[in-house]
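**Student:** Structure here, sequence nowhere to be found:
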Ligand code: CDP
Ligand code: MG
């Protein structure tokens, strides 16, 4: 991994998959210059959902969140790039799509807090990427390569 590369966990949620937004979301991250290094199209079971969202166990929305995230397939991904975690969060927008700025993924494709299209690891939680990436991927799932345009992306 190059020095500027930070690896972050991103997921298209079941609403994003059903609404045909996988391509749009990948396209935005890809065009930004982020590099896709792992991807898994899968169904999350209850156990994985509870583990992934364990920080929210005691929240009133927990049960609905677990049903939502297990209600259909997701696309789990790992993306790399300079400041990747924070930049993906900025591209996602606020948690509530009603508050997310137009131009962000949630601000462009959602209206409801319980249907917010995309997950990205929290950049303010230092252990989040490692924890979430290891929940969804094996070490061998990550592909090490340089994007052909890297010299034109980074000074
Ligand atoms: O996803 P993000 O990190 O922006 O937000 P979070 O606070 O970590 O919450 C995780 C997920 O729980 C959100 O993305 C929503 O899908 C859901 N949620 C909800 O349904 N109702 C809330 N009041 C807060 C969060
Ligand atoms: Mg979060």
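**Tutor:** Okay, I see it. These numbers come from a predicted model, not from an experiment. Residues are numbered from 1 along each chain as shown. Ligands and ions are numbered 1, 2, ... in the order given.

**Student:** shaky segments in this structure?
**Tutor:** 1-4 (pLDDT under 70).

**Student:** just the strands in it please.
**Tutor:** 6-12, 35-43, 73-81, 118-120 (DSSP state E).

**Student:** Just send the ones you listed back as TSV, with distance to ligand 1 too.
**Tutor:** The way it works is simple: take the backbone N, C-alpha and C, and place the C-beta from them, glycine included. Compiled in TSV, these are given as follows (distance: least, C-beta to the nearest ligand atom, whole Å):
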stretch	distance to ligand 1
strand 6-12	10
strand 35-43	17
strand 73-81	12
strand 118-120	5
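
**Student:** Quick one: closest of these to residue 127.
**Tutor:** When the strands of the chain are compared by C-beta to C-beta, strand 6-12 sits nearest residue 127, at 11.6 Å.

**Student:** What strands line up against the closest one, and which way round?
**Tutor:** Sheet pairing for strand 6-12, assigned by DSSP bridges, gives strand 73-81 (antiparallel), strand 118-120 (antiparallel).

**Student:** Reformat the ones you listed into a markdown table and put mean neighbour count next to each item.
**Tutor:** Shown next, in a markdown table, are the strands paired with strand 6-12 (neighbours: other C-beta atoms under 10 Å):
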| stretch | mean neighbour count |
| --- | --- |
| strand 73-81 | 22 |
| strand 118-120 | 23 |
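
**Student:** To residue 98, which of the ones you listed lies closest?
**Tutor:** Proximity to residue 98 (C-beta to C-beta) singles out strand 118-120 among those, at 15.2 Å.

**Student:** contacting residues for the closest residue to residue 129 other than its chain neighbours?
**Tutor:** Using C-beta to C-beta, 6 or more residues apart in numbering and skipping residues adjacent in sequence, the residue nearest residue 129 is residue 121, 4.6 Å away. Contacts for residue 121 (C-beta atoms under 8 Å, 6 or more residues apart in numbering) come out as 8-10, 85, 88, 128-129, 132-133.

**Student:** if we go to 10 Å?
**Tutor:** By C-beta atoms under 10 Å, 6 or more residues apart in numbering, the residues touching residue 121 are 7-11, 78, 84-85, 88-89, 127-133.

**Student:** same check, this time on residue 134
**Tutor:** residue 9.

**Student:** try residue 140
**Tutor:** Contacts of residue 140 by C-beta under 10 Å, 6+ apart are residue 38.

**Student:** So which bits of the chain are right by ligand 1?
**Tutor:** Neighbours of ligand 1 within the chain, by C-beta under 6 Å from any ligand atom: 56, 61, 65, 95, 113-114, 116, 119, 122.
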